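A.B. asks: sequence? don't have it. structure:
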């Protein structure tokens, strides 16, 4: 049984990044490099624009956008200290 589609371009990712103030931001994307560049330029999201982009902490591939969004929702409900643990599982 295949978990991922054959082409990498079809993969979605759920990611967590650290903002300049130390807070975390969780999101989904199809193109990690493009999305991180957008965050670094202040164009990725209002939250990261206000807090400042520091670095990408973790990204996890997902089989489709639906799964990525479900994981994003799960992560956003977690307390701060458990968010990074989620990516290590």
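C.D. replies: Good, I have the coordinates. Since this is a predicted model, take the numbers as computed values, not measurements.

A.B. asks: how many residues are close by residue 82?
C.D. replies: Applying other Cβ atoms under 10 Å, we find 10 residues neighbouring residue 82. (Each C-beta comes from the backbone N, C-alpha and C, glycine too.)

A.B. asks: list the residues that contact it.
C.D. replies: Taking Cβ atoms under 8 Å, 6 or more residues apart in numbering as the definition of contact, residue 82 has no neighbours.

A.B. asks: for it, helix, strand, or coil?
C.D. replies: helix (DSSP: H, G, I helix; E, B strand; the rest coil).

A.B. asks: if I look at it, how far off is residue 68?
C.D. replies: According to Cβ to Cβ, to the nearest Å, residue 82 and residue 68 sit 19 Å apart.

A.B. asks: spatially central residue for the protein, please.
C.D. replies: residue 15 (1.7 Å; Cα atoms, centre = their mean).

A.B. asks: am I right that that residue is in contact with residue 58?
C.D. replies: Yes - Residue 15 sits in contact with residue 58 when judged by Cβ atoms under 8 Å, with a separation of 6.6 Å.
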